[in-house]
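Peer 1: Below are the sequence and a predicted model for it; my questions follow.
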Amino acid sequence: MKKFLITGFSGFVSRYFMEYLEENEIRAFIKGIDVHHPDINSDAFKHVKCDFEKIDLLDKGKVENIIFEFQPDYVLHLASFSSVAFSWKEPNISFQNNTNIFLNLLEAIRKLNINTRILSVGSSEEYGNVDQNDLPLTEDHPLKPVSPYAAARVSQELLSNIYAHGYGLDIVLTRSFNHIGPFQKDVFVVSSFVKQMVEMKYNGVSANKLMTGDITIIRDFTDVRDVVSAYYMLLTMGKKGEVYNVCNGIGWTLKDIIDKISRILAIDVETTPDASLFRPDDNRAIIGSNEKLRNAVKWAPKYTLEDTLNEMILYWQKQMSMT
């Protein structure tokens, strides 16, 4: 039975990673760590055993103890302040947290000389503003971060390279593009749109006005279930020291997303720009190439954007019926 240490265990990606293991009958023992208690019930799982411990990855001593006691075969590093908007409001907190929690993890594994494979989850935000002629972005494209969050992710990638090539740690890297699905918090743009528009449809909101930031920006959205399948394949088959885009390879404007949700719900929505939702600088278009990932581990996305939006709508409908 393989042992997986998952940081950021209480986030929505971890939930789907566990479900992927269970659905594919992959026998695994998971140690989840987070600063928040998870809302995940793993009792019904037959193939996955799970344990949780509340710790802060900034506490180097506790990180070393966890690594020493658990001796993981794989580390899936999901922990971060993952909101770009938050990084603009609190750049110091965002940068220091995201960089130092990863460094503490690497140092614990290096000092203890644990034979483990680490998946360093990065972000498409690392690419920054790019020319339309360079799309879709390949892993060879230069990194030009334009937000504090993106700068921290580039730092994480640089640390990964140092520890992989300088210290010999077994690290595989991703640049993960936007991923969406049920259980995602409404601080993220698509989940926020879905939640608000479901409220318009079912809770008698008088005016169908949606306050938005810039809805002309283009993003590459992938269903979270496709993302976790890529993570598992990279953990087990990816090449040490290599970085892989995890993406759909298709770009949609945020207006496209709003229009799709409107059609599914059969409502008309008026969008109104809100200055507080615009970022000081934002990537105009981010579309990735997943060719390297496909070739390396024979991965391919299974879910369409419409599939994902329909399930997000059902999720928010259920959440509202429970309140």
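Peer 2: In hand now; what should we look at? Everything numeric in this text was worked out from a predicted model, so none of it was measured.

Peer 1: Residues in contact with the lengthiest helix in the chain: which ones?
Peer 2: When the chain is parsed with DSSP state H, its longest helix is helix 91-112. Under the criterion Cβ atoms under 8 Å, 6 or more residues apart in numbering, residues 7, 57-60, 63-64, 66-68, 75, 77, 79-81, 86-87, 114, 116, 118, 120, 148-149, 151-153, 155-156, 159-160, 163, 167, 169 lie in contact with helix 91-112. Bear in mind the C-beta positions are built from the backbone N, C-alpha and C, glycine included.

Peer 1: and the next element down the chain from that helix?
Peer 2: strand 117-123 (DSSP states H and E).

Peer 1: what's in contact with that following strand?
Peer 2: Contact with strand 117-123 is made by 73-78, 80, 102, 105-106, 109, 149-150, 153, 156-157, 160, 169-177, 231, 234-235, 238, 240, 243, as judged by Cβ under 8 Å, 6+ apart.

Peer 1: same deal with stretch 132-142?
Peer 2: Against stretch 132-142 from outside (Cβ under 8 Å, 6+ apart): 124, 127, 130, 175, 220, 243-245, 247, 249, 251, 285-289, 291-292.

Peer 1: Buried residues of it, list them for me.
Peer 2: By 16 or more other Cβ atoms under 10 Å, the buried positions in stretch 132-142 come out as L135, P136, L137, E139, H141.

Peer 1: That one: how far from the chain's middle?
Peer 2: 20 Å (Cα atoms, centre = their mean, to the nearest Å).

Peer 1: go on, stretch 238-255?
Peer 2: On Cα atoms, centre = their mean, the centre of stretch 238-255 falls 11 Å from that of its chain.

Peer 1: List the buried residues of that stretch.
Peer 2: Quick answer for stretch 238-255 (16+ other Cβ under 10 Å): 238, 241, 243-252, 254.

Peer 1: now stretch 40-57
Peer 2: Neighbour counts over stretch 40-57 (16+ other Cβ under 10 Å) mark I40, S42, F45, V48, C50, F52, I55, L57 as buried.

Peer 1: got it, and stretch 182-202?
Peer 2: Buried positions in stretch 182-202, judged by neighbour count with 16+ other Cβ under 10 Å: 182-184, 188-198, 200-201.

Peer 1: wait, which of those residues is closest to E270?
Peer 2: Nearest to E270 among the buried residues of stretch 182-202: M200, at 10.3 Å, using Cβ to Cβ.

Peer 1: where in the chain is pLDDT low?
Peer 2: For the chain, the stretches flagged by pLDDT under 70 are 204-207, 275-282, 322-323.

Peer 1: can you pull out the helices in it?
Peer 2: Assigned by DSSP H, the helices in the chain fall at 12-23, 60-70, 84-89, 91-112, 148-165, 189-202, 224-237, 254-265, 291-297, 305-321.

Peer 1: could those be laid out in a markdown table, adding distance to T272?
Peer 2: Putting the helices of the chain into a markdown table (distance: least, Cβ to Cβ, whole Å) gives the following:
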| stretch | distance to T272 |
| --- | --- |
| helix 12-23 | 28 |
| helix 60-70 | 45 |
| helix 84-89 | 18 |
| helix 91-112 | 28 |
| helix 148-165 | 26 |
| helix 189-202 | 12 |
| helix 224-237 | 29 |
| helix 254-265 | 12 |
| helix 291-297 | 38 |
| helix 305-321 | 21 |
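
Peer 1: Out of those helices, which is closest to D214?
Peer 2: Among these, the nearest to D214 by Cβ to Cβ is helix 254-265 (7.5 Å).

Peer 1: how far is the closest one from where the chain is centred?
Peer 2: From the chain centre to the centre of helix 254-265 is a distance of 22 Å (Cα atoms, centre = their mean).

Peer 1: Buried residues of that helix, list them for me.
Peer 2: By 16+ other Cβ under 10 Å, the buried positions in helix 254-265 come out as L254, I257, I258, K260, I261, S262, I264, L265.

Peer 1: quick one: which of those residues is nearest M211?
Peer 2: Distances from M211 to the buried residues of helix 254-265, taken by Cβ to Cβ, are shortest for I258, at 11.7 Å.

Peer 1: Kindly state the domain boundaries assigned to this protein.
Peer 2: 2-180+222-249+288-302, 189-217+251-286+308-321 (automatic domain parsing).

Peer 1: which of those sits most buried?
Peer 2: Highest mean neighbour count of these: domain 2-180+222-249+288-302, a mean of 19 (counted as mean count of other Cβ atoms under 10 Å).

Peer 1: who are the neighbours in contact with the closest residue to G11 other than its chain neighbours?
Peer 2: Of all residues not flanking G11 in the chain, L78 sits nearest, at 5.8 Å (Cβ to Cβ, 6 or more residues apart in numbering). By Cβ under 8 Å, 6+ apart, the contact set of L78 is I6, T7, G8, F9, G11, V13, S14, V121.
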